[in-house]
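[1] Any chance you could fold what I've pasted below:
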Amino acid sequence: MVLCTVDRIAGTVVFVKIEGEQREGSIILSEIAPGRIRNLREYVIPKKKIVCKVLKDTGGTISLSLRRVTPKEKKEVMDQHNQENSYINILKSVLKEKSEEVIEEISKRGRIYEFFEEARENPKILEKLVGKENSERVLDIILEQKKKRIIIKRIVYLKTLDSEGISHLKKVLDTPKEIEVKYISAGKYSLKIETEDGRKGEQKMKNTLEEIEKKAKEKGMIFEIKEK
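    Predicted structure coming up:
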């Protein structure tokens, strides 16, 4: 997933500037939205920011899709973009006129968002750029910011006619401590996880559901994910 800014529309092809990338991207009409498109500008307007999925990168123009991006993926990319802007503003408030030089140096290494996510765990990489005192000031401000926690929830259905059904259910629903399991109604359960990292949370939920399904099959139980 990449964050883009719509640059221009040429016929039925949309050209965009990709954040952090020198090359441009292109979106053909069929990758703008599903179904028939009567007015292209209902979906893309020059200077508007959009989230796209990379389809092909052959070294020239990067082929992108807008229609294949889910609302959840769009939100995750936009949240990261907003957080990155917050990191930049913190650097500017602490470093003043020296901030542009530091921002440029960080950008050479990759995404500013990823740099600071790593710096939260390994402050030394920031300290090498701005010195110990400034590094501590920047990270103190970042740590004080309350990151929005993401709630990931799934509803599952489990049923068994086995005489030891209750015992089987307890074993099947023995999930990692981060996953909260609640009984809703006959055979229906909710699984919930709260996290600051949506991608890791989704992976954790996916792994947990796969493990539940595996255990359920071993016990001869009916398993179904009712909702996402």
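
[2] So which elements touch the longest helix seen in the chain?
    Secondary structure assigned by DSSP state H gives helix 71-95 as the longest helix of the chain. Where contact means 3 or more Cβ pairs under 8 Å, 6 or more residues apart in numbering; DSSP states H and E, helix 71-95 is packed against strand 2-10, strand 49-56, helix 99-109, helix 112-121, helix 132-144, helix 198-218. For glycine as for every other residue, the C-beta is placed from the backbone atoms N, C-alpha and C.

[3] which element follows the first one toward the C-terminus?
    This points to strand 2-10. Where DSSP states H and E defines the elements, the next helix or strand beyond strand 2-10 is strand 13-18.

[4] which outside residues touch that next one?
    For strand 13-18, contacts defined as Cβ atoms under 8 Å, 6 or more residues apart in numbering pick out 2-9, 24-29, 32, 40, 44, 50, 52, 61-62, 64, 66.

[5] Filter those residues down to the buried ones.
    2-4, 6-7, 24-27, 32, 40, 44, 50, 52, 62, 64, 66 (16 or more other Cβ atoms under 10 Å).

[6] Now do the end-to-end distance for stretch 166-186.
    Using Cα to Cα, to the nearest Å, the end-to-end distance of stretch 166-186 comes out at 12 Å.

[7] List the buried residues for it?
    Here stretch 166-186 shows 168-169, 172-173, 175, 179 as buried, counting by 16+ other Cβ under 10 Å.

[8] how much distance is there from that stretch to the middle of the chain?
    Counting by Cα atoms, centre = their mean, to the nearest Å, stretch 166-186 is centred 27 Å from the centre of its parent chain.

[9] Pull the residues that contact it.
    Contact partners of stretch 166-186, identified using Cβ under 8 Å, 6+ apart, comprise 155, 158, 160, 162, 189-193, 195, 204-205, 208, 211-212, 215-216, 219, 221.

[10] Just the buried ones among the residues you listed, please.
    For these, buried by 16+ other Cβ under 10 Å: 155, 158, 160, 189, 191, 193, 195, 204-205, 208, 212, 215-216, 219, 221.
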